[in-house]
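> Quick one: sequence and predicted model below, then my questions.
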Amino acid sequence: MTARRLVPALLAAVLLAGCGVPVDDEPRLVREPPGRFPTPAGTSTADPDGRVGEPFCFVRDEGLAVVNRRVDGLPGVDAHLQHLLAGPDSAERRSGLATALPGTVVVAGATLAGGVATVDVRQAGQEAGRSDEVLAFGQIVCSLTQRPDVDSVAFRRDGQPLEVPRADGSVSALPLTAADYRPLMPR
């Protein structure tokens, strides 16, 4: 190798050697940064035994409350929705949880594509914006968007986008998120 080629190669090696993590003479303790690190919404954590949380939003008083049932594996979106439609279990009912879904929203099924869960509704209440309709649609949106694979929820009726009530009294045919029902969630 000629001197002309050797000098730039040596210079590059010296410069690269200076880039990197400094070396300590002995191990150093790394501390966790201060503050609490909550699990982000829409994620589920596994128990040491591998069980995960299946999230549900049920009605408590005039708002929504999130509960997690421990299950072996998170079911598909349609099965999750069917579990929500079954309502709170006996222990959840004893703790004051209820559902606004029966008689308010008749769900035919749900599919998931690209982070959007699409819920097919056969029949909705006659009067958009009623309190129980807001809670019912809020239960579906809040439950499904707690999942790590669902970003938003859209509703269809007869294959067409369905306008559903949001917590602020407005209606939307666009995909909704839990933020649309945040006023109904405990602070």
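Looks like it arrived, so ask away. Numbers count the residues shown, from 1 in each chain.

> Near the nearest residue to V77 once chain neighbours are set aside, how many other residues are there?
Distances taken as CB to CB, 6 or more residues apart in numbering place L112 nearest to V77, at 4.5 Å, with adjacent residues excluded. Heads up, the C-betas are built off the backbone N, CA and C, glycines and all. Counted with other CB atoms under 10 Å, residues neighbouring L112 total 17.

> Any idea what L112 is bridged to?
Going by DSSP bridges, L112 is paired in beta bridges with A117.

> my guess is it contacts D149, does it?
Yes - counting by CB atoms under 8 Å, L112 does reach D149; the two are 6.5 Å apart.

> Touching both of these two, which residues are there?
Taking CB atoms under 8 Å, 6 or more residues apart in numbering as the contact rule, L112 and D149 both touch V77.

> Alpha carbons of the strand or helix carrying V107, as PDB, please.
Applying DSSP states H and E as the criterion places V107 in strand 105-113. What follows is strand 105-113, C-alpha atoms only, in PDB (Å, rounded to 0.1, in the frame of the first residue of the first chain):
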ATOM      1  CA  VAL A 105     -77.000  -1.800  19.600                       C
ATOM      2  CA  VAL A 106     -77.500  -5.100  17.700                       C
ATOM      3  CA  VAL A 107     -74.100  -6.200  16.500                       C
ATOM      4  CA  ALA A 108     -73.700  -8.600  13.600                       C
ATOM      5  CA  GLY A 109     -70.000  -9.000  13.900                       C
ATOM      6  CA  ALA A 110     -66.600  -7.300  13.600                       C
ATOM      7  CA  THR A 111     -63.500  -7.500  11.400                       C
ATOM      8  CA  LEU A 112     -60.000  -6.000  11.700                       C
ATOM      9  CA  ALA A 113     -58.000  -4.500   8.800                       C
END
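
> Quick check: buried residues in it?
Within strand 105-113, the residues scored as buried using 16 or more other CB atoms under 10 Å are V105, V107, A110, L112.

> Looking at P38 now. What's its pLDDT?
Reported pLDDT at P38 in the predicted model: 39.

> other SSEs contacting whichever strand or helix holds E54?
Element membership for E54 (DSSP H and E) is strand 52-60. In terms of contacts (3 or more CB pairs under 8 Å, 6 or more residues apart in numbering; DSSP states H and E), strand 52-60 is packed against strand 63-71, helix 77-85, helix 131-144.
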